Structures are given as structure tokens and as C-alpha cells.
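**Student:** Let's see this in three dimensions:
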Amino acid sequence: MQQYELEAWLGDDHGLNDDQISELLAQADEIEERCDGDQDEMREELVTAYRLMIEEPDTVVAELAERRVAASVAEANALAGLRQAATTLIGRGDATEAGFARQAGVDRMTVRKWLGKQ
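**Tutor:** Next comes the predicted model:
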């Protein structure tokens, strides 16, 4: 990332001094290398790096931890729903194990486990 790209991304009212911009630019380069081109990961890491410069670190970490827990709960709930859908749809012949697995974005062995066919 070039400095002008970072400054454009930050906007006019970013609240960072020149040293902080240089530090964030260095972090952006490390982030880009670490994330191997995954734009979503890079954006999330860069936003966090910036926030850690302008906000209380405890606040940033607490929010991220809360988001992680919420995502875990959402995943568990979605998997429970998918398990029930697999049981119902495969049980009544409306779907195959492989077809359901493909549609649900899980592997067939997961579907078989849900059906008690380990």
C-alpha cells in the first residue's frame, strides 16, 4: 500500500500524526503479506490497527471478542437449523446426502453424522 492510498482510505479527519501514519503504513504492508490477498481480512486487520491507535485498546478488544462470540452463536444456530433441515429433507426423500451437503456448504460426512450414520 502506498501512503497516498492509506491517506485516501483514512479520509481527512483521521486524527493521526505523521509518525502514526508511517506506523500504520508499515502495519498495512505486514497485514497485506499475512492475509495473502484476502481483502476482507486485510480490511478488518487494518481497521483494527487504526482503531488501536485512536481508541482505548480494551474497548477495541472487548468489541472484537463480543463479535466473535455472536458469530459463534450464529454459526451454532445455523448448524442446528441445517441439521434439522437435513433430517427432514433427506428423511422424506426430497434431498440426497451429497446434494444437501453441497447446498448447505458442508461435507457429506457432516450430513451423515447429523443423520446418525457415522
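**Student:** can I assume A28 is in contact with T48?
**Tutor:** No. Here A28 does not reach T48: they are 11.7 Å apart, not a contact under Cβ atoms under 8 Å. Just so you know, the C-beta spots here come from the backbone N, C-alpha and C atoms, and that holds for glycine as well.
**Student:** Would you mind finding the longest helix in the chain?
**Tutor:** Longest among the helix segments of the chain by residue count, using DSSP state H, is helix 57-91.
**Student:** Pull out the buried residues from that helix.
**Tutor:** Buried residues in helix 57-91, defined by neighbour count with 16 or more other Cβ atoms under 10 Å: V60, L82, R83, A85, A86, I90.
**Student:** re earlier: of A28 and T48, give the one with the bigger neighbour count.
**Tutor:** A28 (21 against 17; other Cβ atoms under 10 Å).
**Student:** Quick one: residues contacting that one.
**Tutor:** When contacts are counted by Cβ atoms under 8 Å, 6 or more residues apart in numbering, A28 touches M1, L6, L46, A49.
**Student:** how does it look with 10 Å?
**Tutor:** M1, Q2, Q3, E5, L6, W9, M42, E45, L46, A49, Y50 (Cβ atoms under 10 Å, 6 or more residues apart in numbering).
**Student:** And the average pLDDT for the longest helix of the chain is what?
**Tutor:** What helix 57-91 shows for mean pLDDT is 98.
**Student:** Looking only at the next helix-or-strand element following that helix, what residues are buried by neighbour count?
**Tutor:** Elements were assigned by DSSP states H and E; along the chain past helix 57-91, the next helix or strand is helix 97-104. Under the neighbour-count criterion of 16+ other Cβ under 10 Å, helix 97-104 has E97, F100, A101, A104 buried.
**Student:** CA atoms only: put the strand or helix carrying I21 into PDB for me.
**Tutor:** Using DSSP H and E, the element containing I21 is helix 18-35. As requested, the backbone C-alpha atoms of helix 18-35 are provided in PDB (Å, rounded to 0.1, in the frame of the first residue of the first chain):
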ATOM      1  CA  ASP A  18       2.800  11.700  10.600                       C
ATOM      2  CA  ASP A  19       4.600   9.100  12.800                       C
ATOM      3  CA  GLN A  20       1.300   7.200  13.300                       C
ATOM      4  CA  ILE A  21       0.600   7.300   9.600                       C
ATOM      5  CA  SER A  22       4.100   5.900   8.900                       C
ATOM      6  CA  GLU A  23       3.500   3.200  11.600                       C
ATOM      7  CA  LEU A  24       0.100   2.300  10.100                       C
ATOM      8  CA  LEU A  25       1.500   2.200   6.600                       C
ATOM      9  CA  ALA A  26       4.200  -0.300   7.900                       C
ATOM     10  CA  GLN A  27       1.400  -2.400   9.500                       C
ATOM     11  CA  ALA A  28      -0.600  -2.300   6.300                       C
ATOM     12  CA  ASP A  29       2.300  -3.900   4.400                       C
ATOM     13  CA  GLU A  30       2.600  -6.600   7.100                       C
ATOM     14  CA  ILE A  31      -1.100  -7.200   7.000                       C
ATOM     15  CA  GLU A  32      -1.200  -7.500   3.200                       C
ATOM     16  CA  GLU A  33       1.600 -10.100   3.400                       C
ATOM     17  CA  ARG A  34       0.000 -12.000   6.300                       C
ATOM     18  CA  CYS A  35      -3.500 -12.100   4.700                       C
END
